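**Q** could you look at this predicted model? Sequence included:
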There are 4 protein chains.
Amino acid sequence: MAADPETRLRADARRNRDQILAAAREIFAAQGAEVPMEEIARAAGVGVGTLYRRFPDRDALIRAVAVDNFDKVLKDAKAAKDQESSNWDALIRLLHQSMELQLSVQLAMVSQRALAILKSDPAIKALRDDLLVVLGDFVQGAQAEGKLRTDVATGDVAMLFAMLLRQMPSKGKEVARMATRRCIGIMIDGLRAGRNEALPGRALTSADLDPSG
Amino acid sequence: MAADPETRLRADARRNRDQILAAAREIFAAQGAEVPMEEIARAAGVGVGTLYRRFPDRDALIRAVAVDNFDKVLKDAKAAKDQESSNWDALIRLLHQSMELQLSVQLAMVSQRALAILKSDPAIKALRDDLLVVLGDFVQGAQAEGKLRTDVATGDVAMLFAMLLRQMPSKGKEVARMATRRCIGIMIDGLRAGRNEALPGRALTSADLDPSG
Amino acid sequence: MAADPETRLRADARRNRDQILAAAREIFAAQGAEVPMEEIARAAGVGVGTLYRRFPDRDALIRAVAVDNFDKVLKDAKAAKDQESSNWDALIRLLHQSMELQLSVQLAMVSQRALAILKSDPAIKALRDDLLVVLGDFVQGAQAEGKLRTDVATGDVAMLFAMLLRQMPSKGKEVARMATRRCIGIMIDGLRAGRNEALPGRALTSADLDPSG
Amino acid sequence: MAADPETRLRADARRNRDQILAAAREIFAAQGAEVPMEEIARAAGVGVGTLYRRFPDRDALIRAVAVDNFDKVLKDAKAAKDQESSNWDALIRLLHQSMELQLSVQLAMVSQRALAILKSDPAIKALRDDLLVVLGDFVQGAQAEGKLRTDVATGDVAMLFAMLLRQMPSKGKEVARMATRRCIGIMIDGLRAGRNEALPGRALTSADLDPSG
DNA sequence: AATGAATGAGGATTCATTCAT
DNA sequence: GATGAATGAATCCTCATTCAT
């Protein structure tokens, strides 16, 4: 008798949490991270009070959305590693999937505030570090395979990756989608080993991405 | 006695206007378009009242910054056309210069609000259209020269261009600068005529960029 | 479960709304329609936020006060019609009651801004039209009774009425009250059928009051 | 050589002062006393700086407009006294002229702020006192002549007078003008000696008008 | 636990007044 | 003296967060 109601509540609570997270992701992606909390609550079909019960303040919500999404990227990356036959293919697959992830990670880019929040969250940092490790494996592996140009490093690829994680400004969803795909294609061709101009500077490593400097 | 609307008592007034515009550009670029007006005024070394005398509201300021910057990009593009020996070189130069312009055009991408404002300003629209024409010339010219892959069109290049017009999130200015340069290099290699994979979809034209759809 | 838009959680909400309206009426009457919103909120014993939750902006508040008051005048007029034995008596009663209503309708006269707002509100227009109809009945009835001079029409009486709906500037409430009563008495004597000088111009109708010309 | 430039300047200065005063009167009458100083300056065809040189602040300007106008009313009253054959006629003439003065004295009524300012100005107080003396003479004289009802006193008439000094809200200038004239006519009929109902309270004297209580 | 009303601090904007030209 | 640019205090309004129901 005591266990059930609790389980029951948990189910409700989780549903609420998920709805809020989903609504927040969508709205953040569409309008940036500065939307009124009330609007997010409305989109999630709950009252503001409920939203605040789950996420003590806006920062917590932003963090939660970000964790949720980094998590997805990481899962995708790992899946790519497992399922693709070469590192180069895994890398290409990941770049292509980035398109699907636009709605999420772009958060960090769209809002200075969000960026500041994310930088300081250990959970997010951990996920990000994990992701960079996986990406680093891809890069080294693909270079070993002779597919990826050798004058780039993990940081370079991450940068390209980050660049893609934005919404393309264009006529409509269709075009935006195609545009992203084509940009990815061009980038991949630019990354391919073989006939390339020398790049300026030095290869960028994961360490270069740390925004704490 | 004042010859044009840009003379007279403008010793200080013009100076103030320029300072405000410069401060706004920098701050918008660094922190997005939602910074307190007072902060911009402070950065410009004037009182809020002065800021509002020059620009009736935030929208007007955003517009002015955008016009100012599109104007610079366009001037750069024309200079590239005049001074470079081939269209391919002009295109490369323009892509590289885009780095310098990050602080400006990114405005439109960083803030939904800014984007909405810019879309509706005829002056900005005109500048943008001009820019697309110049870019279109480069693209066709460079393809005629055999330097640019022929399965891309103006819209593709504009998209890459737009993608670059953001601030790279990274350790410091130095790294960010290098990162951008390297991304540009990779993109250029991806654009080079010759040995490339087929791109998905169809070549994007200027028309595909029109956000009115 | 909420039956109409005026029930539910309105124990406090409705109380607040009423307090705000009452405070606004009093303050508008005393100091004009330009008082800081904060002062109104304070007088109503609520925070500004609450005021703004109920009335999206100052205009809405002015409108609400005006509607509230026109409503009262109209109710009074209808009561006079029902309870007085003659139209002349009803008219006199209404003129006298106007004194009680000073605090309200004068709004429209005291502030250009308020006037502009009221002119454009359909709800207020409707109430005003209703009031003019009732007044018109009084006028015609009283003339038929031989009590009201026949060279006046509804518009004339409405004008006198409007003139009374102001605060008399004078030593104190007592005197102001008496002054109004005496002015009404003088006007009534001036309106009485019988021994009068001819009035200039033509009788003013309801149509002459329409400020849309 | 020394005298002339000074006289010359005086002429200019006076012209400016008069233009400002005229503009202020018109604008105050039309829009109330809260219009931006800049608007008044513009209407007067001078810069704000000049306005402020003549009138140290808004209050001073309001005071000056009021003095100017009370002065006119007083002159009119004295002229009426001299030129009309009876006190009753002089009183009637004054009431009628009140229409012409609407644009001015209404100042005091339209704005609480203006009222407060006027109350505290000795020059205005003196003019007002003078006016009340003249009006008192009219009243007593007309009662002696058997034309004015004897249950009214100066204060009553001043109240009626004050009531008229507002802009009538109506279709247009024509109608407003006629409405005022007709209201005056009705009031005069109400004031006429003879066949009247008893008024409530007691006759109001000049002392009752003193707003300092 | 869910809801939405209340609060008030924060940021936008206006305008009286001052001051350099 | 005249002008209009600059200043900043005052007021409007929004929205994050808290709390009574």
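**A** Perfect, I can see it now. Numbering: from 1, shown residues only, chains lettered A, B, ... in the order given.
**Q** what's A:Arg192 sitting at in phi/psi?
**A** A:Arg192 adopts backbone torsions of phi -50, psi 140, taken as degrees, to the nearest 10.
**Q** in the helix or strand in which A:Phe28 is found, what's buried?
**A** In this assignment (DSSP states H and E), A:Phe28 forms part of helix A:3-31. By 16 or more other CB atoms under 10 Å in any protein chain shown, the buried positions in helix A:3-31 come out as A:Asn16, A:Arg17, A:Gln19, A:Ile20, A:Leu21, A:Ala23, A:Ala24, A:Arg25, A:Ile27, A:Phe28, A:Ala29. For every residue, glycine as well, the C-beta is placed using N, CA and C.
**Q** what's the neighbour count on the closest residue to the second one other than its chain neighbours?
**A** Computed as CB to CB, 6 or more residues apart in numbering or on different chains, the closest residue to A:Arg17 that is not its neighbour in sequence is A:Arg54, at 5.2 Å. Neighbour count for A:Arg54, taken as other CB atoms under 10 Å in any protein chain shown: 19.
**Q** which parts of chain A are helices?
**A** For chain A, the helices defined by DSSP state H occupy A:3-31, A:37-44, A:48-54, A:58-83, A:87-105, A:107-110, A:112-119, A:122-144, A:154-164, A:173-191.
**Q** for C:Ala179, find the nearest of those.
**A** helix A:37-44 (51.2 Å; CB to CB).
**Q** how far does that closest one sit from its chain's centre?
**A** Centroid separation for helix A:37-44 versus its chain: 23 Å, with CA atoms, centre = their mean, to the nearest Å.
**Q** could you check the angle that helix makes with helix A:3-31?
**A** If you take axes from the mean of the first three to the mean of the last three CA atoms, to 10 degrees, helix A:37-44 sits at 120 degrees to helix A:3-31.
**Q** name the residues that touch helix A:37-44?
**A** Helix A:37-44 is contacted by residues A:16, A:19-20, A:22-24, A:26-27, A:47-48, A:50-52, A:58, A:61 when judged by CB atoms under 8 Å, 6 or more residues apart in numbering or on different chains.
**Q** out of those residues, who's nearest C:Arg113?
**A** Nearest to C:Arg113, judged by CB to CB, of these is A:Val48 at 33.9 Å.
**Q** CSV for the buried residues of helix A:3-31, including distance to DNA strand E and pLDDT?
**A** Output for those, formatted as CSV (distance: CB to the nearest atom of the strand, whole Å; pLDDT from 0 to 100):
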residue, distance to DNA strand E, pLDDT
A:Asn16, 5, 88
A:Arg17, 9, 93
A:Gln19, 10, 94
A:Ile20, 10, 96
A:Leu21, 14, 95
A:Ala23, 13, 95
A:Ala24, 15, 94
A:Arg25, 19, 89
A:Ile27, 17, 90
A:Phe28, 20, 87
A:Ala29, 23, 80
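**Q** make sure A:Val73 is actually in contact with A:Leu132.
**A** No - counting by CB atoms under 8 Å, A:Val73 stays clear of A:Leu132, with 11.0 Å between them.
**Q** so those two - more neighbours on which side?
**A** When A:Val73 and A:Leu132 are compared for neighbours, A:Val73 comes out ahead with 24 against 20, by other CB under 10 Å.
**Q** roughly how far does the more buried one sit from chain B?
**A** For A:Val73, the distance to chain B equals 15 Å [CB to the nearest CB, to the nearest Å].
**Q** who's in contact with A:Ile117?
**A** For A:Ile117, the contacting residues are A:Asp59, A:Ile62, A:Arg63, A:Ala66, by CB under 8 Å, 6+ apart.
**Q** before we move on, back to that, the buried residues of helix A:3-31: which ones sit near DNA strand F?
**A** When CB under 7 Å from any atom of the strand is applied, no member of the buried residues of helix A:3-31 is adjacent to DNA strand F.
**Q** could I get the residues you listed as CSV with distance to C:Leu91?
**A** Shown next, in CSV, are the buried residues of helix A:3-31 (distance: CB to CB, whole Å):
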residue, distance to C:Leu91
A:Asn16, 63
A:Arg17, 67
A:Gln19, 63
A:Ile20, 63
A:Leu21, 68
A:Ala23, 61
A:Ala24, 64
A:Arg25, 67
A:Ile27, 60
A:Phe28, 65
A:Ala29, 67
